[in-house]
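Participant: Sequence below, structure please.
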Amino acid sequence: MNVEDYDFHLPEHLIAQTPLAERTASRLLTLDKQTGELGHHSFRDLKDYLRPGDTLVVNDTRVIPARLLGIKEDTGAKAELLLLKPLHGDTWETLAKPGKKLRTGAVIAFGEGADGQPLLRAVVEEEGEMGGRTVRFLYEGIFPELLDRLGEMPLPPYIKERLDDRERYQTVYSRQAGSAAAPTAGLHFSQDFLEELQQSGVEVAPLTLHVGLGTFRPISADTIEEHVMHSEYYELSEETAARLRRTRERGGRIVAVGTTSARTLETAAQRFPDGLQACSGWTDIFIYPGYAFKAVDALLTNFHLPKSTLVMLVSALAGRENVLAAYEAAVREQYRFFSFGDAMFIY
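Facilitator: The predicted model follows:
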């Protein structure tokens, strides 16, 4: 399958640069995956599409302030690291800018202590592709505290505005620190709306997938089959697995909040085809048309980049023609796109 088949025209002004003041104030486009029927709503109308006995599966990962701005110690030139995932001890997989200048052995300094020395140093230990660097951090103190002090939220490159409130790039149910990007479909929920849904008989079950390198990698291959996904760490607890087994038994739907939840559920379903069980590990699952979903019945998601793996995932669930028609309608109706944009419910 050709990657170009998942392209669409997106006017730049539709890329949301800032979050709305009220989380649930977003718009909601609904798509019936069987008929292709579209509907235009406000986000709180999601409650009309959920039924008692359904379970919303949310990704409780929490974004770390993973963008570090520093200088090369030997030249004083500016350098930037984006932390993607811990490997062992104080060694991390990162994306580096400018990658060509940060060779093995280079040292990057961040912050300055009372003694005039850097609060944090990073030594480049290994060079990877497309700016990927393995680095080892040197410091005194507690690394998460230093990161919170020195780091910035790693907003996607298409967002040019500064984010004043860090918590607006976290879901209200974020718990497990470790992501390089937010699971953005969940940003639309407020605590009171989640409680309203639960009072109506909808259950909410958490899992964890730490969003990593794959989010920042474009598809460079010409065909979908040639693309290789990077792995991300996930955890599915026995409590959530049991809740989802009960959901199935009573005829309820498993509704994934975001593509990260969907990928985790499908990874677990591949491991346990007779019923979801607790599991954890690394997943590089790549879902594109032709894939038969095993765990996910419906999906709440944002609008994604042209030719992205995420457009392919939603096309696998609802059909390429239906999804591209929905995106065309979203552009026509001036929906807001990407991380701080509006939502889409595929059912």
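
Participant: Can you give me the first-to-last residue distance of stretch 312-325?
Facilitator: 14 Å (CA to CA, to the nearest Å).

Participant: For it, the averaged confidence score.
Facilitator: Here stretch 312-325 scores 98 as its mean pLDDT.

Participant: And the residue nearest the centre of this structure?
Facilitator: Pro183 (3.6 Å; CA atoms, centre = their mean).

Participant: where exactly do the helices run in the stretch 1-150 of the chain?
Facilitator: 143-150 (DSSP state H, counting those that start in this stretch).

Participant: where does the stretch 151-300 of the chain dip in pLDDT?
Facilitator: Counting by pLDDT under 70, the stretch 151-300 of the chain contains low-confidence ranges at 213-218.

Participant: returning to that earlier point: the residue nearest to the centre of the chain and Asp284, how far apart?
Facilitator: 17 Å (CB to CB, to the nearest Å). All C-beta spots, glycine's among them, are computed from the backbone N, C-alpha and C.

Participant: Likewise for Leu29?
Facilitator: 29 Å.

Participant: Domain-wise, how is the chain divided?
Facilitator: 3-63+164-346, 67-150 (automatic domain parsing).

Participant: Please convert the ones you listed to TSV, extending it with distance to Tyr158.
Facilitator: Below are those laid out as TSV (distance: least, CB to CB, whole Å):
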stretch	distance to Tyr158
domain 3-63+164-346	5
domain 67-150	15
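
Participant: what's the most buried one of those?
Facilitator: With neighbours taken as mean count of other CB atoms under 10 Å, the domains of the chain reach their highest mean count in domain 3-63+164-346, at a mean of 18.

Participant: can you give me the end-to-end distance of that one?
Facilitator: Note: domain 3-63+164-346 ends 22 Å apart using CA to CA.

Participant: hang on, the earlier thing: out of the domains of the chain, nearest to Pro156?
Facilitator: Nearest of the domains of the chain to Pro156, taken as CB to CB: domain 3-63+164-346 at 5.6 Å.

Participant: Tell me the gap between the closest one and the middle of its chain.
Facilitator: Here the centre of domain 3-63+164-346 is set off from its chain's centre by 8 Å, with CA atoms, centre = their mean, to the nearest Å.

Participant: which non-adjacent residue is nearest Glu22?
Facilitator: Spatial nearest neighbour of Glu22, chain neighbours left out: Ser190 (7.6 Å); criterion: CB to CB, 6 or more residues apart in numbering.

Participant: The one you found and Arg23 touch, don't they?
Facilitator: Yes. Contact criterion CB atoms under 8 Å: Ser190 and Arg23 qualify, at 4.7 Å.

Participant: which residues are common contacts for these two?
Facilitator: Val172 (CB atoms under 8 Å, 6 or more residues apart in numbering).

Participant: Give the pairing partners of the lengthiest strand in the chain; include direction for each.
Facilitator: Determined from DSSP state E, the single longest strand within the chain is strand 78-88. When pairing is defined by DSSP bridges, strand 78-88 lines up against strand 67-72 (antiparallel), strand 91-97 (antiparallel).

Participant: Including mean pLDDT and distance to Thr208, could those strands go into CSV?
Facilitator: Output for these, formatted as CSV (pLDDT from 0 to 100; distance: least, CB to CB, whole Å):
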stretch, mean pLDDT, distance to Thr208
strand 67-72, 97, 21
strand 91-97, 94, 18
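
Participant: Which residues are in contact with Val204?
Facilitator: Thr55, Leu56, Val58, Tyr173, Leu194, Leu197, Gln198.

Participant: try it again with 7 Å
Facilitator: Val204 sits next to Leu56, Val58, Leu194, Gln198 when contact means CB atoms under 7 Å, 6 or more residues apart in numbering.

Participant: could you redo these as a markdown table and give each row distance to Glu152?
Facilitator: Shown next, in a markdown table, are the contacts of Val204 (distance: CB to CB, whole Å):
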| residue | distance to Glu152 |
| --- | --- |
| Leu56 | 30 |
| Val58 | 25 |
| Leu194 | 28 |
| Gln198 | 34 |
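
Participant: List the ones among these that fall in strands.
Facilitator: Using DSSP E, those in strands are Leu56, Val58.

Participant: Of all pairs in the contacts of Val204, which one is the farthest apart?
Facilitator: Farthest pair in the contacts of Val204 (CB to CB) is Val58 and Gln198. Separation: 11.9 Å.

Participant: ok, back up a step: now the strands paired with strand 78-88 as a markdown table including distance to Arg51?
Facilitator: What follows is the strands paired with strand 78-88, written out as a markdown table (distance: least, CB to CB, whole Å):
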| stretch | distance to Arg51 |
| --- | --- |
| strand 67-72 | 41 |
| strand 91-97 | 41 |
